[in-house]
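In: Fold the stuff below for me.
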Amino acid sequence: MSALAATRSGSSHLTGAGPLTRLALRRDKIMLPVWVYALSVSVVSTALSLEKLYGTAAERADFARSMSANNSLRALYGPVLGDSVGALTAWRMMAFGAALTGVMSLLIVVRHTRDEEETGRQELLSSAAVGRRAPLTAALCTALTANILVAALIAGGLAAVGQGAAGALALGLAIGATGMVFAGVAAVAAQLTESARLARGITAAVIGAAFIV
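Out: As a prediction, this is how the structure comes out:
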């Protein structure tokens, strides 16, 4: 009986998470597609630009060597690990793409948690059949949806322009997964603070520190 009661209690805490997720997706019907489109297109367009500018293996090898010799670029983008178009795209966009996906995720999570409480909308929703954990779960599901779309479009876009499917999938998943890591950080920050501004500031500081590292 105690196990059954615990199961029912856990389910009741998530009551309403589905409708809240659908509501969040409707509210973000402009912001979310813009972020997803901008992030995925920036990665795919980088691959196209690199292929156009450095069309031969020799040109790409020279470019990779020159970038490796530039300490400031190494500090900004990281080391160049290969001279293929895919490797150069990953070198150029992995850190920035992951950081921007983290920013997208923090905005989504804080918007649908701490912002809702500050504006009083959460209190109105809580008067209905909404579990305690449902708003946070809905925010994370919304962020997960956005990151899955980013990962899928990056992988599909890179594969469509002639990059290896395995590498394209790996880069897409890496950027999307990093976005979910920072969605988790934003969720924790939103629970530990009483201000949406502070929650955003803490998460942004973590993203900045991770980018520097």
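In: Do a quick rundown of the helices in the protein.
Out: Secondary structure of the chain (DSSP state H): helices at 2-13, 17-27, 31-53, 57-69, 71-77, 85-111, 114-119, 121-126, 134-160, 165-192, 196-212.
In: Go ahead and name everything in contact with the fourth one.
Out: To tie it back to what came earlier, the one meant is helix 57-69. 50, 53-54, 73-74, 77, 79-80, 82-85, 87-88, 91 (C-beta atoms under 8 Å, 6 or more residues apart in numbering). In short, each C-beta sits where N, CA and C put it, glycine included.
In: same thing but at 6 Å, please
Out: 54, 73, 80, 83 (C-beta atoms under 6 Å, 6 or more residues apart in numbering).
In: In contact with the residue nearest to the spatial centre of the chain, which residues?
Out: By C-alpha atoms, centre = their mean, the chain has its centre lying nearest to residue 179, at 2.6 Å. Shown in contact with residue 179 (C-beta under 6 Å, 6+ apart): 101-102, 105, 147.
In: Give me the number of neighbouring residues for the nearest residue to it once chain neighbours are set aside.
Out: Of all residues not flanking residue 179 in the chain, residue 101 sits nearest, at 3.5 Å (C-beta to C-beta, 6 or more residues apart in numbering). Residue 101: 30 surrounding residues under other C-beta atoms under 10 Å.
In: got it, and the one 10 residues further on?
Out: By other C-beta under 10 Å, 21 other residues sit near residue 111.
In: per-residue pLDDT, it?
Out: Note for residue 111: predicted pLDDT of 92.
In: Give me the distance between it and residue 132.
Out: The gap separating residue 111 from residue 132 is 19 Å, by C-beta to C-beta, to the nearest Å.
In: if I pick the residue nearest to residue 168 when sequence neighbours are not counted, what's in contact with it?
Out: Once flanking residues are discounted, residue 168 sits nearest to residue 158: 3.5 Å by C-beta to C-beta, 6+ apart. Taking C-beta under 6 Å, 6+ apart, we find residue 158 in contact with 44, 47, 168.
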